[in-house]
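Asks: next one to model:
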Amino acid sequence: MVSLGTLQKVLVSLLKERVPIRDLATILETLSDYAGATKETDILTEYVRMALKRQITELNRDRDGKLNVFTIDPGIEQQLSDAVQNTKQGLMLVLDPALTESLLQKIGKQVELMQAAGYTPVCICSPNIRLALRRLVEAVYTHLAIVSYNEILPDVELVSTGMVRLEDDN
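Replies: Numbers count the residues shown, from 1 in each chain. Purely as a prediction, here's the structure:
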């Protein structure tokens with residue numbers, strides 16, 4: 001059983017990231033499937049996002065049906081994964097301020113490059129850091145969609161427009 005409060009928090013989280021909630025049947029079914037395993041709203045929302053992969057994919061596709069994305073260097077993803085902590089505010093990244101600033105600058109550069117090319121900025125990353133990364137960047141890059149590989153249909157062509165790296169100027 002899922003409480004009304006939990007359902008509301010999940011729906012608000014989805015809407016906050018502009019994920020359509022019209023498919024209530026899938027949302028409720030997913031929540032009922034995983035409610036026995038966890039009561040954490042953040043984790044339940046991530047499960048729902050995976051179940052809504054069709055909507056998330058369609059939301060971010062271009063006119064040609066491709067998904068233009070930038071990625072995060074695997075070494076940085078590992079650092080971020082190691083820095084994810086469960087706080088009172090939910091899953092958050094606890095990083096050195098200098099690293100955070102550098103990371104935000106590099107993400108900003110990728111966002112600008114995608115916008116200059118006429119694409120909607122989308123960052124794709126591993127599922128274990130998606131939410132924490134979203135929370136890190138949401139205040140600065142409100143229109144940046146951050147999706148995990150598990151939220152994209154397998155038959156969609158991903159086109160990488162760049163990669164966030166800390167060691168070079170790209």
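
Asks: packing partners for the helix or strand of the chain with the lowest mean pLDDT?
Replies: Ranked by mean pLDDT, DSSP states H and E, the weakest helix or strand in the chain is strand 90-93, scoring a mean of 76. Strand 90-93 sits against helix 41-51, strand 84-87, helix 127-137, with contacts defined as 3 or more CB pairs under 8 Å, 6 or more residues apart in numbering; DSSP states H and E. For glycine as for every other residue, the C-beta is placed from the backbone atoms N, C-alpha and C.

Asks: what about E101, which helix or strand?
Replies: Using DSSP states H and E, E101 sits in helix 97-116.

Asks: please report how far the closest residue to L95 other than its chain neighbours lies from L136.
Replies: Nearest residue to L95 in three dimensions, chain neighbours excluded: A83, at 5.1 Å (CB to CB, 6 or more residues apart in numbering). Using CB to CB, to the nearest Å, one gets 10 Å for the distance from A83 to L136.

Asks: next one: L93
Replies: 5 Å.

Asks: which neighbours do those two have in common?
Replies: Residues within reach of L93 and of L136 at once, by CB atoms under 8 Å, 6 or more residues apart in numbering, are T100.

Asks: okay, now the domains of the chain?
Replies: Domain segmentation of the chain under automatic domain parsing yields 4-51, 62-164.

Asks: could those go into JSON lines alongside mean neighbour count?
Replies: Output for those, formatted as JSON lines (neighbours: other CB atoms under 10 Å):
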{"stretch": "domain 4-51", "mean neighbour count": "16"}
{"stretch": "domain 62-164", "mean neighbour count": "16"}
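
Asks: between A83 and L136, which contacts overlap?
Replies: In contact with both A83 and L136: 93, 95, using CB under 8 Å, 6+ apart.

Asks: remind me which residues of this protein are low pLDDT?
Replies: 168-170 (pLDDT under 70).

Asks: do you know which of the helices and strands packed on strand 90-93 lies nearest A117?
Replies: helix 127-137 (19.5 Å; CB to CB).

Asks: tell me which other helices or strands the closest one touches.
Replies: helix 41-51, helix 74-83, strand 84-87, strand 90-93, helix 97-116, strand 145-148.

Asks: one more time with 10 Å
Replies: helix 4-16, helix 41-51, helix 74-83, strand 84-87, strand 90-93, helix 97-116, strand 122-125, strand 145-148 (3 or more CB pairs under 10 Å, 6 or more residues apart in numbering; DSSP states H and E).

Asks: okay, that helix in CSV with CA atoms only?
Replies: C-alpha atoms of helix 127-137 as CSV (Å, rounded to 0.1, in the frame of the first residue of the first chain):
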residue,chain,number,x,y,z
PRO,A,127,20.9,5.6,-12.5
ASN,A,128,22.8,5.6,-9.2
ILE,A,129,23.8,9.3,-9.5
ARG,A,130,20.9,10.7,-11.6
LEU,A,131,18.8,12.2,-8.8
ALA,A,132,21.8,13.5,-6.8
LEU,A,133,23.2,15.1,-10.0
ARG,A,134,19.8,16.7,-10.7
ARG,A,135,19.7,18.2,-7.3
LEU,A,136,23.2,19.6,-7.7
VAL,A,137,22.5,21.4,-11.0
